[in-house]
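K.L.:
A structural model of the following input is requested.
(one chain, ligands or ions: 1)
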Amino acid sequence: MIRFDERVAIVTGSGTGIGREYALLLGARGCKVVVNDIGGAVDGQGSGSARPAAAVVEEIRAAGGQAIANHDSVSDPAGAQRMVDAALREWGRLDILINNAGILREAPLQAMSLDAIEAVIGVHLMGAIHCTRAALPAMLKSGYGRIVFTSSASGLLGHVDQSVYGAAKSGMLGLMNCVKLDCKDTGVLINTVAPSADTRMSKGLIKEELARNMSPHLVAPMVAWFASDQCTQSGEVVNACGGYFFKVALFKSQGAQFDPQEPVTLEMVDEAWPRISDMSELEPYRGTLASLEPNLRKLGRL
Ligand code: NAD
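P.N.:
Prediction:
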């Protein structure tokens, strides 16, 4: 059985929805959990409530587990630090950070107020940055860490009226890809989940017959696995929804390579567009320079 005895986790936004399931599962498997939640409305507005986080803490304790509540906002850097300090004060270590807190404001980009834009970026992208930045020193010091970011189909693919939310959610990929490299060989592993589940956030966005197969507890085993000792991966993106888990990755076309020592014209690009965009022979995307170098070697330019 996969257990988390002696491990300490922070799960942001775990007073309701998918995050609550992460906290309950980790707590049931012996993990000590900081249940963070501002207890806000789905759009992040209003004054918030201490009740959701307190209720999850009670549930974990009633089942024999250990948990404490934290009501700081992830969008406040000092609040993120207080979350980490609470874990270190209570249990002396921090092993797991699940960046899950989120809000949703839907509108076409041109109709979104600057306040709404800043709120969405502030919770999702800046929130993940603040919490990860606060958590990393303790993890790097102990030589062990599991960090999970939360993306979304909106960030991977797009969704009508969710431009800023989608931008923040695809920001998780850049954040993961780079922090993963900074943490290479440190024992700190970083992965991303793109969940989909029947929660208050997805109400009205998912067809009813699908939604009833999409309990949020079906997402939790994937994220708990990323948070476990068993996970040795870093930099993975996995969709988790309705009991279906699958990896998502970037692939590239063969593309068109011109001699860089000769003129390359707009018309050459126009003529080559079918080859540039032909996705019938895919190869894994390893980066611009790593893709260019073998071509230049073949052309005798290296
Ligand atoms: P939810 O609204 O049920 O839960 C989100 C939780 O985050 C709430 O408890 C809320 O109080 C908390 N929160 C919001 N702002 C916070 C802040 N500043 N600091 C701390 N806590 C805060 O939503 P959910 O569906 O459980 O979503 C969880 C995560 O999964 C979010 O990041 C969301 O964007 C993402 N997601 C959800 C779906 C879905 O289908 N439900 C799809 C894709 C991505």
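K.L.:
what's in contact with stretch 161-172?
P.N.:
With CB atoms under 8 Å, 6 or more residues apart in numbering as the test, stretch 161-172 has contacts from 99, 104-109, 112, 116-117, 120-121, 123-125, 128, 149-152, 154-156, 158-159, 192, 194. Bear in mind the C-beta positions are built from the backbone N, C-alpha and C, glycine included.
K.L.:
Can you tell me which of these are buried?
P.N.:
99, 104-106, 112, 116-117, 120-121, 123-125, 128, 149-152, 154-156, 159, 192, 194 (16 or more other CB atoms under 10 Å).
K.L.:
number of nearby residues for whatever residue of the stretch 51-200 of the chain ends up closest to the ligand?
P.N.:
Nearest residue of the stretch 51-200 of the chain to the ligand: Gly102, at 2.6 Å (CB to the nearest ligand atom). When neighbours are counted by other CB atoms under 10 Å, Gly102 registers 25.
K.L.:
ditto for Ala272
P.N.:
The number of residues packed near Ala272 is 16, by other CB under 10 Å.
K.L.:
Distance check, it against Arg301.
P.N.:
Separation of Ala272 from Arg301 (CB to CB, to the nearest Å): 18 Å.
K.L.:
Can you sort out which of the contacts of stretch 161-172 also neighbour the ligand?
P.N.:
Val123, Thr150, Ser152 (CB under 6 Å from any ligand atom).
K.L.:
Enumerate the beta-bridge partners assigned to the second one.
P.N.:
The reference is to Thr150. Per DSSP bridges, the residues bridged to Thr150 are Val193.
K.L.:
check contacts around it.
P.N.:
By CB under 8 Å, 6+ apart, the neighbours of Thr150 are Ile98, Asn99, Asn100, Gly102, His124, Ala128, Lys169, Met172, Thr192, Val193, Ala194, Pro195.
K.L.:
State the pair within these that is farthest apart.
P.N.:
Within the contacts of Thr150, two members stand farthest from each other by CB to CB: Ile98 and Lys169, at 15.3 Å.
K.L.:
Between the two, which is the more surrounded one?
P.N.:
More crowded of Ile98 and Lys169, by other CB under 10 Å: Ile98, with 30 against 26.
K.L.:
just to revisit the earlier point, filter the contacts of stretch 161-172 down to the ones in strands?
P.N.:
In strands, judged by DSSP state E, the following of the contacts of stretch 161-172 are found: Phe149, Thr150, Thr192, Ala194.
K.L.:
So which bits of the stretch 1-150 of the chain are right by the ligand?
P.N.:
Residues of the stretch 1-150 of the chain lying near the ligand (CB under 6 Å from any ligand atom): 12-13, 15-19, 36-40, 42, 44, 52, 73-75, 100-103, 123, 127, 150.
K.L.:
Noted, bye for now.
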